[in-house]
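Asker: With the sequence up front, the predicted model follows.
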Amino acid sequence: MEFTTKNGAEIKINVADFITSMKLKKAVVEAVKDSGVDIAGIDMGNLKAGTIDSIFQIILAADCSDKVEEAIFKCLNRCLYNSEKITKDTFESLDARENYYEIVIACLKDNLSPFFAPLFLKLNELQEKATNVQKQ
């Protein structure tokens with residue numbers, strides 16, 4: 001994925017290798033699990049105040065995790081910021097710090113969606129089957 005940030009930085013996100021992406025997935029899942037948020041109770045189709053609060057708790061849990069941060073930067077190791085490799089030093093400038101979350105979210109999306117998209121599809125199928133069984 002390539003994009004330009006709001007303040008003009010050219011970003012190129014490259015997907016990490018399987019093992020590095022898997023470590024990121026495990027770190028995120030662990031952070032969410034440790035947060036105590038009941039993700040089973042989150043209804044993305046009906047965003048209420050409690051649902052939004054739960055989503056923010058998940059984001060904060062992942063954002064505060066040293067393991068997640070370490071895994072993100074291992075994934076970012078293959079990515080470019082204005083044609084230079086992204087490291088923690090990339091974000092020393094205040095301009096780059098403004099782009100931090102935009103870059104991290106793109107990295108998370110590209111590295112985690114291959115794992116979670118099929119899982120959510122299967123979970124939706126199971127939920128539909130369970131609903132049909134209950135109706136009978």
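Answerer: That came in fine, so what should we check first?

Asker: I'd like the distance between the residue lying closest to I13 once chain neighbours are set aside and D66.
Answerer: What sits nearest to I13 in space, not counting adjacent residues and going by Cβ to Cβ, 6 or more residues apart in numbering, is M1, at 4.4 Å. To be clear about C-beta, it is placed using only N, CA and C from the backbone, and glycine gets the same treatment. Applying Cβ to Cβ, to the nearest Å, the value for M1 to D66 is 26 Å.

Asker: tally of neighbours for the residue nearest to I13?
Answerer: Using other Cβ atoms under 10 Å, M1 has 12 neighbouring residues.

Asker: tell me the helices in the protein, going along the chain?
Answerer: With helices called from DSSP state H, the chain shows them at 18-35, 49-63, 66-76, 94-98, 100-135.

Asker: Considering these, which stretch scores lowest in mean pLDDT?
Answerer: For the helices of the chain, mean pLDDT drops lowest on helix 49-63, to a mean of 63.

Asker: wait, T87 sits on F73?
Answerer: Yes: using Cβ atoms under 8 Å, T87 is in contact with F73, at 7.1 Å.

Asker: Which residue of these two possesses the greater neighbour count?
Answerer: For T87 and F73, the more surrounded residue by other Cβ under 10 Å is F73, and the numbers stand at 18 against 13.

Asker: For the more buried one, which non-adjacent residue is spatially closest?
Answerer: Closest residue to F73 apart from its sequence neighbours, by Cβ to Cβ, 6+ apart: K88 at 6.1 Å.

Asker: Next: C64.
Answerer: C64 sits nearest to A31 (Cβ to Cβ, 6+ apart), 7.7 Å away.

Asker: ok, now which ones touch the one you found?
Answerer: By Cβ atoms under 8 Å, 6 or more residues apart in numbering, the residues touching A31 are 61-62, 64-65, 67-68.

Asker: For those, which two are the farthest from each other?
Answerer: Greatest spatial distance in the contacts of A31: A61 and K67, 11.2 Å, computed using Cβ to Cβ.

Asker: ok, L112 - how many residues close by?
Answerer: Look at L112: counted by other Cβ under 10 Å, it has 16 neighbours.
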